[in-house]
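J.: Take this sequence and fold it.
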Amino acid sequence: GRLPRGEAPTDIVVVVKGPTQPVLVREKQKVAGIWVNAEHQRYSSVPSFYALASSRPIGRIVDARTRAIYELGLDSLQLSPGSSAISAVEHRFQQGLVGLKRRTGLYVEAPHAVEITDGVLYRARLTIPARVPVGRFTAETFLIRDGRVLAAAVRDIDIRKSGFERFVARAADRDSIAYGLVAVALSVGLGLAAGWIARRL
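T.: Residues are numbered from 1 along each chain as shown. This next block holds a predicted model:
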C-alpha cells in the first residue's frame with residue numbers, strides 16, 4: 001500500500017500457473033517416407049497453464065539470473081525432466097513443448113498487461129482459455145525495482161466449470177453408467193433423425 005522509496009520506477013509482474021501434470025514429449029522423424037516416433041523425453045511436473053503479465057517486457061525488468069530463480073518467463077521455466085538427457089537434447093525437447101503449449105494458448109507472455117496507478121495500485125488482465133483443466137491455480141505477484149524483487153505474494157485460485165458444462169461434468173463423474181446410456185441414446189437418436197431428414201430431402 002506504500003510506494004517504495006527511491007527514484008527508480010517500480011514494476012509489477014504477475015504469474016498464473018495451473019496444476020502440474022506429467023507429460024511425455026515424442027519427436028517424429030521421417031523414415032522411408034513414413035513419419036515414426038523417434039526420441040522422447042518425459043517431464044514429471046509441467047504446469048498445465050502458465051501466463052505472465054508485466055508492466056514492461058520481462059527482459060527489461062530483471063536479468064536472466066533473477067528470471068531463472070523465480071521462473072519469470074517462458075524461457076526460464078524449469079520443467080523437471082524425468083531422464084538425464086544431455087543438455088542440448090533436453091533443451092530441444094523443452095523448446096518444443098513450450099512452443100506447442102504457446103500455440104494452443106496455454107502458455108502466454110503479456111507485456112504491458114499490468115497497469116500501475118500512482119505507483120501503488122495495479123490491475124493485471126489475463127485471459128484463461130476454456131481448455132485449461134479445472135483445479136487449484138496459483139497467482140504470484142512480484143514487486144520489482146532496479147532489477148531486484150522487493151516483495152512477493154502468492155494466492156490460490158480455484159478454477160471450476162460452470163453452467164451446463166459443469167452439470168455434464170458432474171453427471172459423468174457421479175453417475176457414469178447413466179451418463180453413458182444417455183450419451184448412447186442421444187447418439188442413436190440424432191443419427192436416426194439425420195437419416196430421416198436426409199431421406200426427406
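J.: CA only for contacts and neighbour counts going forward, please
T.: Will do.
J.: Give the next helix or strand downstream of the lengthiest strand in the chain.
T.: In the chain, assigned by DSSP state E, the strand with the most residues is strand 34-47. As assigned by DSSP states H and E, the chain's next helix or strand after strand 34-47 is strand 50-54.
J.: Just checking: what are the partner strands of that next one?
T.: strand 10-17 (antiparallel), strand 107-111 (parallel) (DSSP bridges).
J.: Which helix or strand lies directly C-terminal to the longest one?
T.: Toward the C-terminus, strand 10-17 is succeeded by strand 20-31 as the next helix or strand (DSSP H and E).
J.: what mean pLDDT would you report for that next one?
T.: Taken as a whole, strand 20-31 carries a mean pLDDT of 83.
J.: Which segments of the chain make up each domain?
T.: Domains of the chain are assigned by automatic domain parsing as 10-159, 163-200.
J.: can you give me the offset of the first one from its chain's centre?
T.: Pointing back at domain 10-159 there. Computed by C-alpha atoms, centre = their mean, to the nearest Å, the chain-centroid distance of domain 10-159 equals 7 Å.
J.: Return stretch 10-19 as PDB; C-alpha atoms alone will do.
T.: The C-alpha atoms that make up stretch 10-19 are tabulated as PDB, following Å, rounded to 0.1, in the frame of the first residue of the first chain:
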ATOM      1  CA  THR A  10       8.500   0.200  -9.800                       C
ATOM      2  CA  ASP A  11       7.400  -2.800 -11.800                       C
ATOM      3  CA  ILE A  12       4.700  -5.400 -11.100                       C
ATOM      4  CA  VAL A  13       4.900  -8.900 -12.500                       C
ATOM      5  CA  VAL A  14       2.000 -11.400 -12.100                       C
ATOM      6  CA  VAL A  15       2.500 -15.100 -12.900                       C
ATOM      7  CA  VAL A  16      -0.500 -17.500 -13.000                       C
ATOM      8  CA  LYS A  17       0.200 -21.300 -13.000                       C
ATOM      9  CA  GLY A  18      -2.100 -24.200 -13.500                       C
ATOM     10  CA  PRO A  19      -1.900 -27.600 -11.800                       C
END
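J.: buried sites along it?
T.: Across stretch 10-19, burial judged by 16 or more other C-alpha atoms under 10 Å covers Thr10, Asp11, Ile12, Val13, Val14, Val15, Val16, Lys17, Gly18, Pro19.
J.: Repeat that for stretch 66-78.
T.: Using 16+ other C-alpha under 10 Å as the test for burial, stretch 66-78 gives Arg67, Ala68, Glu71, Leu72, Gly73, Leu74, Leu77, Gln78.
J.: for the second one, helix, strand, or coil?
T.: Following DSSP: H, G, I helix; E, B strand; the rest coil, the label given to Ala68 is helix.
J.: Tell me how far it lies from Arg26.
T.: Using C-alpha to C-alpha, to the nearest Å, Ala68 is found at 26 Å from Arg26.
J.: can you give me the offset of the top helix by length along the chain from its chain's centre?
T.: For the chain, the longest helix by residue count, based on DSSP state H, is helix 176-200. Mean-position distance between helix 176-200 and its chain equals 35 Å (C-alpha atoms, centre = their mean).
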